[in-house]
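Give me a 3D structure for the following:
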Amino acid sequence: MNKHSALPHQTLYDSDYFRWSEHQAALLRQGKLTLLDIENLAEEIESLGKSDRRALMSQVQRLLVHLLKWQFQRPRRSESWRKSIQMARDAMSRIVEDSPSLRDAIAKRLENEFKLARRNASRETKLPESDFPAQCPYSLQQIMDDDFLPES
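Residues are numbered from 1 along each chain as shown. Below you'll find the predicted structure:
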């Protein structure tokens, strides 16, 4: 693609993303591959994977916060917490079902997400961070297990 043909793509990409995406889809369906905005398409495809990973890690962190609260604030346990735990697991399962390789991302990022969850659990419970384990006490299998709830 020469410099001049890239300019209309970039202009449309910057000014009307929806129209740009429809145009790119039409070009793909018509097999007009040389007219595609390859650079922006590649970025968008890449961002889809990153978006799924971010959504999954957000649910992992949400789940970990609630598991910590469940474990360390036994008197405050509620059906609402149980539902939040299940909803996070359901969301995680849907993402992993669509992109099974993201299950590995949970294992790779678990400790990092746990550190954030530990800090957030401390803020939400008003308990000192030191009251919570320094490392994630839950295995990936436990995290994904619909029936797992930690005991104090």
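
what's the closest non-adjacent residue to the residue nearest the centre of the chain?
Among the residues of the chain, the one closest to the centroid is residue 55, at 1.9 Å (C-alpha atoms, centre = their mean). Once flanking residues are discounted, residue 55 sits nearest to residue 95: 6.0 Å by C-beta to C-beta, 6 or more residues apart in numbering. Using the backbone N, CA and C atoms, a C-beta is placed for each residue, glycine as well.

Pull the number of nearby residues for the one you found.
Neighbour count for residue 95, taken as other C-beta atoms under 10 Å: 22.

so where does it fall, helix or strand?
Assigned by DSSP states H and E, residue 95 falls within helix 79-98.

Over to residue 109?
Going by DSSP H and E, residue 109 is in helix 102-125.

Give me the residues contacting the following helix or strand past that helix.
Next helix or strand after helix 102-125 toward the C-terminus (DSSP H and E): helix 140-144. Helix 140-144 is contacted from outside by 60, 63-64, 67, 89, 92-93, 103, 106-107, 110, 148, 150, using C-beta atoms under 8 Å, 6 or more residues apart in numbering.

name the helices or strands packed onto the longest helix along the chain?
Using DSSP state H, we find that the single longest helix of the chain is helix 38-72. The contact analysis (3 or more C-beta pairs under 8 Å, 6 or more residues apart in numbering; DSSP states H and E) places helix 38-72 against helix 3-15, helix 17-30, helix 79-98, helix 102-125, helix 140-144.

That one vs helix 102-125, what angle?
Inter-element angle recorded for helix 38-72 and helix 102-125: 50 degrees (by axes from the mean of the first three to the mean of the last three C-alpha atoms, to 10 degrees).

Thanks again, I'm all set now.
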